[in-house]
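Asker: build me a structure from this.
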Amino acid sequence: MTMRTVFGAGIAVALMSLTVGVAPLYAMPEKLAPVLASAQRAPENKARDAARHPGDSLQFWGLKPGLTVVEISPGGGYWSEILAPYAKQTGGSYIAAFGRPDQTLPAKFADKAVYGDIKYTVFSKDSGALVPAGSADLVLTARNIHNWLWTPGMAEKAMADFHAALKPGGILAVEEHRADPRPQKGNADDGYVAPGPWIARAERGGLRVEARPAPPPTARGTRDHPGGVCPLPPVRRRARQARPADPNFNRAKYDAIGESDRMTLRFRKPG
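Answerer: Predicted coordinates:
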């Protein structure tokens, strides 16, 4: 058993490797450091690295040259800014999965000289196969699970889609707001997900957990904010339904807390 400590949102997150017969995947991926430091990354995304620790996370998930990586719901492209150039430089492939076929990453990602030939696929409650069966080395989902728990059957479909997409031995990489040490509230309407039930669901879907988080000590990051994770940066909104933003909402308290504590998990498709 090995342990690596990753610091996120000012909170120590212990990741215990439970892998049997699999070497720890903690070596810095070849050619990753220059991508993390490159000028093509937006300054506001680089500023979030102190909370999200992309280098540590990608080491932990086992990124390496030449992989086919599928990112689920990449939003504005925090991870895309790293994964797409990395795939281009190392002979890999980066595929972005959005909820509708007309959705794409922001316009700058069309620059193939920087980001390579980004491919797109659809992931939704009604979508078909993400990619050809058994063609993905790594599927990444970052802070999406809580949204799926609000839609009956969506979490189970996600597990089936990811299992089908992955090669034998492929990795499902998970980043999510963590409910522990307090229980998850209902269907995680506040955004905070308990690791245990999610791990059990993934394993029922045929994936094997290789590392799980130990309950972290909490510093500033309590989990009892009105509006759940929404008031915290980078969303900074009073509540999930608060659109447009409330101009009278005082964000100073939540900006001082910083981003939510997260769980960082690694699953493997047997084979």
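
Asker: quick one: secondary structure of Leu130?
Answerer: The local conformation at Leu130, judged by DSSP: H, G, I helix; E, B strand; the rest coil, is coil.

Asker: contacting residues for it?
Answerer: Residues in contact with Leu130 (CB atoms under 8 Å, 6 or more residues apart in numbering) are 70, 95, 97, 121, 123, 136, 139, 161-162, 164-165. (Each C-beta comes from the backbone N, C-alpha and C, glycine too.)

Asker: tell me which of those fall in strands.
Answerer: Among these, the residues falling in strands (DSSP state E) are 70, 95, 97, 121, 136, 139.

Asker: can I get these in TSV with neighbour count, pLDDT and distance to Leu265?
Answerer: As requested, the ones in strands among the contacts of Leu130 are exported to TSV (neighbours: other CB atoms under 10 Å; pLDDT from 0 to 100; distance: CB to CB, whole Å):
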residue	neighbour count	pLDDT	distance to Leu265
Val70	29	98	17
Ile95	23	98	21
Ala97	24	98	19
Thr121	17	98	22
Ala136	25	98	17
Val139	29	98	12
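
Asker: most widely separated two among those residues?
Answerer: Taking CB to CB as the measure, these span a maximum distance of 11.0 Å, between Thr121 and Val139.

Asker: could I get the contacts of Leu130 as TSV with distance to Arg223?
Answerer: Listed next are the contacts of Leu130 as TSV, based on distance: CB to CB, whole Å:
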residue	distance to Arg223
Val70	30
Ile95	33
Ala97	28
Thr121	33
Phe123	27
Ala136	32
Val139	27
Asp161	29
Phe162	27
Ala164	33
Ala165	32
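
Asker: tell me the one of those nearest Trp150?
Answerer: Taking those together and measuring to Trp150 by CB to CB, the closest member is Phe123, at 15.6 Å.

Asker: identify the residues contacting the closest one.
Answerer: Counting by CB under 8 Å, 6+ apart, Phe123 makes contact with 72-73, 97-99, 130, 158, 161.
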